[in-house]
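J.: Kindly return the folded structure for what I paste below:
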Amino acid sequence: MRRSGLTLFLIILVTIVAGIFVYPKGFGAEWRPWRLGLDLVGGSHLIYEVDLSNVQEKDRDAVTNGLRDVIERRVNLFGVGEPQIFVAHQGDHTQLIVELAGIQDISVAIQQIGETPLLDFREVEDNATSTTFIPTNLTGRYVTGAELSFGSTAQIPEVAIAFSEEGGKIFELLTENNIGKPVAIFLDNALVEMPTVQQKISGGHAVITGSFTIQEAQKLVERFNAGALPAPITLINQQTISPNLGADSLKKVVGAGIIGTLLVMIFMILYYRFLGVFASLALLIYIVLTLAIFKIVPITLTLAGFAGFILTIGMAVDANILIFERMKEEVKRGISRTAAQTEGFRRAWPSIRDSNTSTIITAVILYFFTSSFVQGFALTLLIGVLVSMFSAITTTRYFLHVFLKEKKRPLS
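T.: Below you'll find the predicted structure:
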């Protein structure tokens, strides 16, 4: 009994600290502020069409994933917190969706993304009437870094680019096949330089030269280090979500959570009486601890994420209901309350384990095979189910160990 009481005291103490931590104006407000999604705080929503016409089918997944990573690095470079960037497929079209919470000036958001350069190398075919540029597989996808350098004469600024191992092989083959011929370097479909290849170049390095000022060359270096786009993108839709609308949504979802919690607690207390009180206290502990985990991880909460969490509030008492019903059955058989408590937990555990396991499996599948809002829903659902199992099996058990006495009155 003493050990159970000490454990329960520690759980309550941790819950109080966690409650202060999750409070928006508590001690954790500056150290670990809440991360809220675009639909709750407002911001910019951009949709880009990805041009994969020059990308082989087998390489398209790698290119789109690389594109997403590049855009994310570029946005983070400008200090935008927690951007949500994901790829969506609409029939034969591939789209890149960018959500920037808190960014109200959509022109700034477009500039941050649009300034990321598209670099590619093209073979040159001259004929009597025109010059034709033939695209190659060597694009910004294979760029690993860039730095400012200077030519051997007149201190002309240059941009030295390093390629990945695969990119270095492509570049070596490109130069080998074009010895004595020019190779064109395009940046955002604009010709930057068209040097003549003197020999095969190995080692995975190239130099872009041109009529650069030092400031222009440095800016190119910064862009390349932020990431060169592996495929062209075109902005097809843009939208600004008002922070007032987000604040209203947040107020409604918090209100729904409070009402849902109160209704569940009222039901448990009315139906199970003092057992329902224990379940309600365990539910409050569950809510506080789960919110603390959301904030510590941290998880970017959206409306869908809140929906997953609120759903687990109702599910959190399912285990208690199974345990209490088992306890009532054991008491009717004539055994003592303490024995009924032990037996109730033991007999209810297989059902609790199997039902929660099925929910966990579903949440994991949703998280890894979907994107955006559905992932947020799945993640909060998964964490909620795991914490609710602790709440029902551990917290409620210690409440019963400490406060359940051998009295004559029925359990409910």
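J.: How many residues are close by the closest residue in space to residue 139 that isn't next to it in sequence?
T.: Once flanking residues are discounted, residue 139 sits nearest to residue 120: 4.5 Å by C-beta to C-beta, 6 or more residues apart in numbering. Glycine gets a C-beta too; all of them are placed from N, C-alpha and C. By other C-beta atoms under 10 Å, the residues close to residue 120 number 25.
J.: would residue 120 count as being in a helix?
T.: No - residue state for residue 120 (DSSP: H, G, I helix; E, B strand; the rest coil) corresponds to strand; a helix is not indicated.
J.: List the residues that contact it.
T.: 135-136, 138-140, 185-186 (C-beta atoms under 8 Å, 6 or more residues apart in numbering).
J.: Mind doing that once more with 7 Å?
T.: 135, 138-140, 186 (C-beta atoms under 7 Å, 6 or more residues apart in numbering).
J.: Just the buried residues of the residues you listed.
T.: 138-140, 186 (16 or more other C-beta atoms under 10 Å).
J.: Run through the residues that contact residue 203.
T.: Taking C-beta under 7 Å, 6+ apart as the test, what residue 203 contacts is residue 168.
J.: most remote residue from the protein's center?
T.: residue 128 (54.3 Å; C-alpha atoms, centre = their mean).
J.: any idea which helix or strand carries residue 250?
T.: Using DSSP states H and E, residue 250 maps to helix 243-272.
J.: packing partners for that helix?
T.: helix 38-41, helix 274-296, helix 303-315 (3 or more C-beta pairs under 7 Å, 6 or more residues apart in numbering; DSSP states H and E).
J.: in the last one, what counts as buried?
T.: It stands for helix 303-315. 303-313, 315.
J.: Could I get those in a markdown table, plus columns for pLDDT and distance to residue 37?
T.: Converted to a markdown table, the buried residues of helix 303-315 look like this (pLDDT from 0 to 100; distance: C-beta to C-beta, whole Å):
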| residue | pLDDT | distance to residue 37 |
| --- | --- | --- |
| 303 | 83 | 7 |
| 304 | 84 | 8 |
| 305 | 85 | 7 |
| 306 | 87 | 9 |
| 307 | 86 | 12 |
| 308 | 88 | 13 |
| 309 | 89 | 13 |
| 310 | 87 | 15 |
| 311 | 86 | 17 |
| 312 | 88 | 18 |
| 313 | 86 | 20 |
| 315 | 82 | 23 |
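J.: closest to residue 284 among those?
T.: Using C-beta to C-beta, residue 313 is the member of the buried residues of helix 303-315 that lies nearest residue 284, at 10.2 Å.
J.: distance of that closest one from residue 268?
T.: Residue 313 sits 12 Å away from residue 268, going by C-beta to C-beta, to the nearest Å.
J.: swap in residue 304?
T.: To residue 268, residue 304 is 27 Å away according to C-beta to C-beta.
J.: Domain parsing of this structure, as residue ranges.
T.: The record assigns the chain these domain ranges, following automatic domain parsing: 2-38+242-403, 43-239.
J.: Brilliant, that's me finished.
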